[in-house]
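Engineer: Predicted model follows, preceded by the sequence.
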Amino acid sequence: MSDSTFCEIPAGRIAYSRRGTGRPLVLLHPIGVDRSWWDEYAEAWAASYDVVAIDLRGHGESSLVTAPVTLADHAADIAAVLRQERLTGATLIGVSMGGMIAQRVAIQFPELVGALILCATAGGFPAEVRPRILARGDISRNGSMSEVIDETITRWFAADTPRPELVEKCRARLAADDWYSWSANWQAISLLDNLGELPRVTAPALVVAGDADASIPPAVSQKIADALPNSRFVAVPGAAHFGAFEMRDTFAAIFDDFLSTLAQ
């Protein structure tokens, strides 16, 4: 993880790093991990792009979440970083929760967003699924992250992962996470409801799903692509929820192909 810069927000501070030159790419990680998960991508992209990797609130070096938070709040955090860095027209790349927040940034701050890559993510959930998502954390008690690690790893990674070291990295990261931040962010995810607003997001978008994703099936991601007026959808065979990291070469080729179509 390269050197951290901080952006002050009303709820504390957001940590991020910036490297490279070119069109801005903003990288948003999944729940429970941090911006270091983008390091392999950032290293490659910094040769051609201005890469900003952000620790979402409650993650990495950013402030803990200490009160209920919404995806809209997270979007405002991202907007604050982009304004501090004087960036507009950025391509936002988000995996899972990062993709949910990227959608909100495009909805709430369209002037900041030039394009979207939304990976292993959803735009909304059926009512019957929301309680199950909410139950992945509990802000009403002081729980232990050890309760959720095994089940989370099973949901996120392929059983025969090609990158076992990432599973260990994820275990260690989750074990070090703050229970309230984890729970409050699951509460935010459980309220995800972007689909009705996506038709007014005109930025070009790539939606990528893994066809072996146990957390967010491709049909759920397809709904984002259907709602966005200027989108393309790709399903990656054999990819699990963290496929963007487990199968980086495969996903990087798909991302780069889309990035090459954007006006220089």
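Structural biologist: Right, received. Where do you want to start?
Engineer: quick one: the closest residue to I107 other than its chain neighbours and A240, what's the gap?
Structural biologist: Using CB to CB, 6 or more residues apart in numbering and skipping the chain neighbours, the partner closest in space to I107 is E197 (4.8 Å). Quick note: C-beta positions are derived from backbone N, CA and C, even for glycine. According to CB to CB, to the nearest Å, E197 stands 29 Å off from A240.
Engineer: got it, and A90?
Structural biologist: Counting by CB to CB, the gap from A90 to A240 is 28 Å.
Engineer: of E197 and A240, who's got more company?
Structural biologist: Remark: of E197 and A240, A240 carries more neighbours, 25 against 15, as counted by other CB atoms under 10 Å.
Engineer: What residues does the closest residue to the more buried one other than its chain neighbours make contact with?
Structural biologist: With sequence-adjacent residues excluded and distances taken as CB to CB, 6+ apart, A240 is closest to A158, at 4.2 Å. Counting by CB atoms under 8 Å, 6 or more residues apart in numbering, A158 makes contact with 212, 238-240, 243, 246.
Engineer: In three-state terms, label A158 for me.
Structural biologist: coil (DSSP: H, G, I helix; E, B strand; the rest coil).
Engineer: which residue sits farthest out from the middle of this protein?
Structural biologist: R141 (26.1 Å; CA atoms, centre = their mean).
Engineer: Quickly note the distance from the residue nearest in space to the middle of the chain to V69.
Structural biologist: Using CA atoms, centre = their mean, the residue of the chain that lies closest to the mean C-alpha position is G98, 1.6 Å off. The gap separating G98 from V69 is 15 Å, by CB to CB.
Engineer: First-to-last residue distance for stretch 198-211?
Structural biologist: 23 Å (CA to CA, to the nearest Å).
Engineer: how distant is that stretch from the center of its chain?
Structural biologist: Its chain's average C-alpha position is 14 Å from that of stretch 198-211, according to CA atoms, centre = their mean, to the nearest Å.
Engineer: all helices of this structure, in order?
Structural biologist: Taking DSSP state H, the helices of the chain run over residues 39-45, 71-84, 97-108, 130-134, 149-156, 164-176, 179-190, 218-227, 243-246, 248-261.
Engineer: Turn those helices into CSV, columns for distance to V207 and mean pLDDT.
Structural biologist: Output for the helices of the chain, formatted as CSV (distance: least, CB to CB, whole Å; pLDDT from 0 to 100):
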stretch, distance to V207, mean pLDDT
helix 39-45, 18, 97
helix 71-84, 17, 98
helix 97-108, 9, 98
helix 130-134, 20, 96
helix 149-156, 19, 97
helix 164-176, 23, 98
helix 179-190, 18, 98
helix 218-227, 4, 98
helix 243-246, 13, 98
helix 248-261, 10, 97
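Engineer: any chance of those helices in a markdown table, with distance to P10 too?
Structural biologist: Output for the helices of the chain, formatted as a markdown table (distance: least, CB to CB, whole Å):
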| stretch | distance to P10 |
| --- | --- |
| helix 39-45 | 28 |
| helix 71-84 | 9 |
| helix 97-108 | 16 |
| helix 130-134 | 25 |
| helix 149-156 | 30 |
| helix 164-176 | 25 |
| helix 179-190 | 16 |
| helix 218-227 | 29 |
| helix 243-246 | 31 |
| helix 248-261 | 33 |
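Engineer: Would you tell me which of the ones you listed gets closest to I9?
Structural biologist: Nearest to I9, of all those, is helix 71-84, at 5.4 Å by CB to CB.
Engineer: which residues touch that closest one?
Structural biologist: Residues contacting helix 71-84 (CB under 8 Å, 6+ apart): 7, 9, 11, 14, 16, 26, 28, 52, 54, 56-57, 62, 88, 90, 92, 100-102, 104-105, 107-109, 112, 188-189, 191-192, 194.
Engineer: Buried residues, that helix. List them.
Structural biologist: For helix 71-84, the neighbour count (16 or more other CB atoms under 10 Å) marks 71, 73-82 as buried.
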